[in-house]
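Asks: coordinates only, sequence not included:
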């Protein structure tokens, strides 16, 4: 599996143009060097993801960006996938414990039914075709495997206030790239359409959902 991942990683770059000028190290810096609120939020969300992920090998992070989450997962086989070549290049330098691939999250070319844990953290709300992304998540996760999806809860008044402030105060962030506005019920319904059953939802300040699914 790792041989296949490395082969793809060395292939042609498939980079999707971003709507905003987000630097390659944005997520990494937000976790380690952001302001107090930003660091607390990123670290709280990451801690919930890591608790849910456990040590169920192997692990893949679709749309990993430059987030350090995959580097913190306790697993012996880890693969990160992202369409942003700069972020993948950065993560190859930062994290020697994982294999990183420059590819579209919805077209990873990874093996069917392979991963024990699939992460998709703060990605689905940015995606132009959430159904295609969810289909890919289900395809590569093995039966009985864990899927963890994180996305803002747009039914939350707290999140809607935070999003406005985020757009004003963090103009270099992802505010303008929210293509879909999910709620817990809409994520659950989308996942169920591809054989993923919701087991648990935890939230950061009632606004950011960390949802754990099981592939039937």
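Replies: Okay, I see it. Quick caveat: nothing in here was measured; it's all calculated off a predicted structure.
Asks: drop to CA atoms for contacts and neighbour counts, all remaining ones
Replies: OK.
Asks: the strands in the chain, which residues?
Replies: Here the chain has its strands, by DSSP state E, at 59-62, 78-82, 99-102, 115-121, 141-152, 196-204, 208-215.
Asks: so which of those strands is nearest residue 180?
Replies: Closest of the strands of the chain to residue 180 is strand 141-152, at 10.0 Å (criterion: C-alpha to C-alpha).
Asks: if you count contacts, what does that closest one end up packed against?
Replies: helix 36-53, strand 115-121, strand 208-215 (3 or more C-alpha pairs under 8 Å, 6 or more residues apart in numbering; DSSP states H and E).
Asks: report the inter-axis angle for that strand versus strand 196-204.
Replies: 30 degrees (axes from the mean of the first three to the mean of the last three C-alpha atoms, to 10 degrees).
Asks: which other residues reach strand 141-152?
Replies: Contacts to strand 141-152, defined as C-alpha atoms under 8 Å, 6 or more residues apart in numbering, come from residues 49, 52-53, 56, 112-125, 137, 159, 181-183, 196, 207-216.
Asks: how about stretch 49-69?
Replies: 24-28, 31, 46, 70, 72-84, 87-88, 90-91, 104-105, 114-121, 123, 146, 148, 210, 212.
Asks: now it: how far from the chain's centre is it?
Replies: 8 Å (C-alpha atoms, centre = their mean, to the nearest Å).
Asks: try stretch 199-216
Replies: 13 Å.
Asks: endpoint to endpoint, that stretch covers what distance?
Replies: Using C-alpha to C-alpha, to the nearest Å, one end of stretch 199-216 lies 11 Å from the other.
Asks: got the buried residues for that stretch?
Replies: For stretch 199-216, the neighbour count (16 or more other C-alpha atoms under 10 Å) marks 201, 202, 203, 207, 208, 209, 210, 211, 212, 213, 214, 215 as buried.
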